[in-house]
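Visitor: Structure of the sequence below:
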Amino acid sequence: MQTDTTYPSYFKEEFFYGKKIFIAFEYDHSKNWESVTQVIGNYVTFCLCHSGSAVIRVNNYTRELTAGAQLAIIPRTHATILSMSTDFNCSIISISPEFRHEIRYTKSIPLVDALMFFKEQTILNLPATQQDFFVKMRDIIVTAIRSVSDPYRHSLLEELTQAFLLWQQSVIASTLNSSFVANNNNDILVARFMALVNDNYRTRHRLEFYADQMCITPKYLSTTTKLVTGHTASQWINIFLIGEAQNLLTNSTQSVAEISDALGFSNQSFFGKFFKRHTGKSPLAYRLNKETAC
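Guide: Next up is the predicted model:
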């Protein structure tokens, strides 16, 4: 089974549940990690570092993952491993978009929406008790995956995955001393906006579209989004577009013109200027640089 997370057999222990869940741990240092340069977070992925360290670029930000720290990769996040120590070891739990949609959340904002607020703050340091919980949940989910003959396995994995994601919400909320449950109008408004962007950013680039959908003014939407997330609404639309453009340039065989069309730009020239303004490189130069790095 291949997932969008693309961790190609660099772990001694790997477990798959169809295309829904991927779990890996015990990093195999006998393999050449330098070939694992691109990881695309179309799944919601949590990586807990047990020992050593790794330097990872998440979108345009460089982060160091050290022992006891957890890296969260949300959908359409572009991540690159830059370096790792010889004693680096970690556990990974990845959950597909389809499986997340099957789960009935008991909170008012799903985890993926909560994490959108922190697209740049992707690493959290976990205390020993939370690290232990992560590992125990990992092992329980693995046990359920291996119970091939169990006719209730799917339902069991739904419940276990929901428990893990709800626990992640509480971890993130407590670590950042903030609540992700929508308890005021601003939180609810921004959560709605993020959901709309996630569904429409490939074809709808103008702020006015989202404001009209929400029956508010573009200025109010942008001001409120800035207040809650630190970025304006237009900046978030661009973050989604750039992230997906980087994904397609690195991991697809589509031409620049095809990518421009897929992302809703009127022509390739406009797409090229937009991409260079935000990344400092033309789409073709970015693709060639990534191919050389690999």
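Visitor: could you pull out the helices for the chain?
Guide: For the chain, the helices defined by DSSP state H occupy 97-102, 111-116, 128-146, 153-175, 185-200, 207-214, 218-229, 233-251, 256-262, 268-279, 283-293.
Visitor: Go ahead and flag the most central residue of this structure.
Guide: By C-alpha atoms, centre = their mean, the chain has its centre lying nearest to Ile74, at 1.5 Å.
Visitor: my guess is that residue meets Val44, correct?
Guide: Yes: Ile74 is in contact with Val44 according to C-beta atoms under 8 Å; the separation is 6.1 Å. C-beta coordinates here come from the backbone N, C-alpha and C atoms, glycine included.
Visitor: Tell me which of the helices of the chain sits nearest to Lys31.
Guide: helix 283-293 (17.9 Å; C-beta to C-beta).
Visitor: So, low pLDDT: which residues of the stretch 1-150 of the chain?
Guide: When residues are selected by pLDDT under 70, those of the stretch 1-150 of the chain lie in 1-9, 32-42, 59-60, 75-78, 98, 100-121.
Visitor: Show me the strands in it, by range?
Guide: Along the stretch 1-150 of the chain, counting by DSSP state E, counting those that start in this stretch, strands occupy 11-17, 21-27, 39-40, 44-51, 53-58, 61-66, 69-73, 78-84, 89-95, 123-125.
Visitor: Give the partner strands of the last one in its sheet and their orientations.
Guide: In other words, strand 123-125. Using DSSP bridges, strand 123-125 pairs in its sheet with strand 69-73 (antiparallel).
Visitor: Please apply the same query to the second one.
Guide: With DSSP bridges as the criterion, the sheet partners recorded for strand 21-27 are strand 11-17 (antiparallel), strand 89-95 (antiparallel).
Visitor: hey, which of the ones you listed is tucked in deepest?
Guide: By mean neighbour count, with neighbours taken as mean count of other C-beta atoms under 10 Å, strand 89-95 ranks first of those at a mean of 23.
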